[in-house]
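J.: build the 3D model from these lines:
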Amino acid sequence: MDIKDIFVDTLSELAQHKLRTLLTLLGMIFGVGAVIAMLNIGEGAEREALKMIDSMGLHNLIVEAKDFDEEALTEQRKHSAGLTIRDAQVSALSLPFVENFSAQKIIDTYDIFSSSGKTDGDTIGVSPSYFELSKLKLAEGRLLTEEDNMAFSQVTLLGSSAAKQLFPTGGALGKTVKINHLWFKVVGVLRPQFLPKDEFQGRQLGGEQRLVFIPLKTAIHRFESDPLASELSSIKLQLTQGINPVEAAKALSHLLARRHNDVDDYSLVIPAALLAQQKKTQNIFNIVMSCVAGISLLVGGIGIMNIMLATVLERTKEIGLLRAVGATQKDIRVQFIAESFTISILGGILGILFGVFLSEIIAVYSDWAVSWSLSAIVLSFSICSSIGLIFGVYPAVKASKLNPIDALQTD
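T.: Okay, here's the model as predicted:
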């Protein structure tokens, strides 16, 4: 018999015991489905994390000024001026792995309105390089320039949400917006930024859409602020490709500690380290889920062996008849291994369908991202097929070693 005939006979034999075959398949179906769903969730989480961390800049380091009460701030200012533009400049000049930097100053905003509407967003002063380092793109108009910054220009760039609130009918370019007591001309609007979530590892993301941006020096010199407050709210340093961000952060931390006289008035954020932490958490989840899926597949394999052993007992007389008419031990082994292998193939196929369905259910009813992974399907199907072969060997060998005469005499 060729392979085609063997599988035809195998399917015919399995069809005669539909309920038993289905019950045997369930372990494989659930195991394969769980593997596929788990790997798809892992793939989706990784892609989601990369997309979110890209908004922060994977090769950036972020230094943020800390908030303190007035008493603590008064004491700190005796030893440190807080986070300043000079910190960013010295870091870029002293550290060879720093390619570029941007600076940010949050304005104490109490009113932002136009002739068409108002927004509850915040105003921040930024250096021109801020938009490049934050991966923000224009929808219309232009970005803020160094000329705007040096001239203390009263021009503004609107986030997409802020633009819709201030100008519901559109056409924000060239119009004016009042921020606190000053009027600003709108020179650009940012493109909407679509992120899977608004938080990553405890950090808020995507808030740029509701912000109103003005030149950094305009923010520092034309708006009132607490005399004790840091000159800057945060700085962002862009690292050279290939540099380990964690090692770079150690050098930057050492430099800033010296400049701030070891006063702990700033915090250092490493986006690459946040991504690594996310991957570590995801790996733990994958290991746990893999163990659950593996146990399910193992139970499915034991089920296949159990059913095949029962089949050997049921078909003992048939095996004796086959041996009597010339079938070899190899023929018997091949027939029974083919049956266990076919069960695992069917379980794998149905498991893939179940895994796809399970992934869709998870995507719809949970907040988890799901991405399809061909490697997940291939891996789970391969494992399922291998289990069918491995757990089918012992029953097949046992069947092939039956004595033909004793088998024919079996009731």
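J.: with just CA atoms, put stretch 277-289 into PDB.
T.: Extracted in PDB, the C-alpha atoms of stretch 277-289 (Å, rounded to 0.1, in the frame of the first residue of the first chain):
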ATOM      1  CA  GLN A 277      11.500  45.500  31.300                       C
ATOM      2  CA  GLN A 278       8.400  45.000  29.200                       C
ATOM      3  CA  LYS A 279      10.000  42.200  27.300                       C
ATOM      4  CA  LYS A 280      11.100  40.500  30.500                       C
ATOM      5  CA  THR A 281       7.500  40.700  31.800                       C
ATOM      6  CA  GLN A 282       6.200  39.300  28.500                       C
ATOM      7  CA  ASN A 283       8.800  36.500  28.600                       C
ATOM      8  CA  ILE A 284       7.500  35.400  32.000                       C
ATOM      9  CA  PHE A 285       4.000  35.400  30.600                       C
ATOM     10  CA  ASN A 286       5.100  33.400  27.600                       C
ATOM     11  CA  ILE A 287       6.900  30.800  29.800                       C
ATOM     12  CA  VAL A 288       3.800  30.300  32.000                       C
ATOM     13  CA  MET A 289       1.500  30.100  29.000                       C
END
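J.: what comes up buried for it?
T.: Residues of stretch 277-289 classed as buried: Gln278, Lys279, Gln282, Asn286, Met289 (neighbour count, 16 or more other C-beta atoms under 10 Å). All C-beta spots, glycine's among them, are computed from the backbone N, C-alpha and C.
J.: same check, this time on stretch 252-269
T.: Neighbour-count burial for stretch 252-269 flags Leu252, Leu256, Arg259, His260, Val263, Asp265, Tyr266, Val269 (criterion: 16+ other C-beta under 10 Å).
J.: where's the first one, which helix or strand?
T.: Leu252 is part of helix 245-259, with elements assigned from DSSP states H and E.
J.: what about that helix, average pLDDT?
T.: The average pLDDT within helix 245-259 is 90.
J.: and if you look at stretch 275-292?
T.: For stretch 275-292, mean pLDDT is 77.
J.: can you list the residues that contact stretch 130-141?
T.: Residues outside stretch 130-141 that contact it (C-beta atoms under 8 Å, 6 or more residues apart in numbering): 54-57, 60, 100-104, 143-144, 157, 160, 173, 186-193, 208, 213, 236, 238.
J.: one step back: and which of the buried residues of stretch 277-289 is nearest to Ile349?
T.: Checking those against Ile349 by C-beta to C-beta gives Met289 as the nearest, at 21.4 Å.
J.: ok, back up a step: just after the helix holding Leu252, pick out the following helix or strand.
T.: In the C-terminal direction, the helix or strand that comes right after helix 245-259 (DSSP H and E) is strand 266-269.
J.: can you list the neighbours in contact with that next one?
T.: Residues outside strand 266-269 that contact it (C-beta under 8 Å, 6+ apart) are 56, 61-66, 82-83, 203, 249, 252-253, 256, 260.
J.: could you do stretch 11-22 as well?
T.: With C-beta under 8 Å, 6+ apart, stretch 11-22 has contacts from Ile307, Glu339, Thr342, Ile343, Leu346.
J.: helices along this protein, start to end?
T.: Secondary structure of the chain by DSSP state H: the helices cover 3-15, 18-56, 70-76, 85-94, 130-133, 146-150, 160-166, 216-222, 245-259, 271-314, 316-324, 329-365, 374-400, 404-408.
J.: any chance of those helices in CSV with distance to Gly117 as columns?
T.: As requested, these are exported to CSV (distance: least, C-beta to C-beta, whole Å):
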stretch, distance to Gly117
helix 3-15, 69
helix 18-56, 27
helix 70-76, 35
helix 85-94, 33
helix 130-133, 24
helix 146-150, 24
helix 160-166, 5
helix 216-222, 23
helix 245-259, 41
helix 271-314, 34
helix 316-324, 84
helix 329-365, 36
helix 374-400, 48
helix 404-408, 89
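J.: many thanks, I have nothing further to ask.
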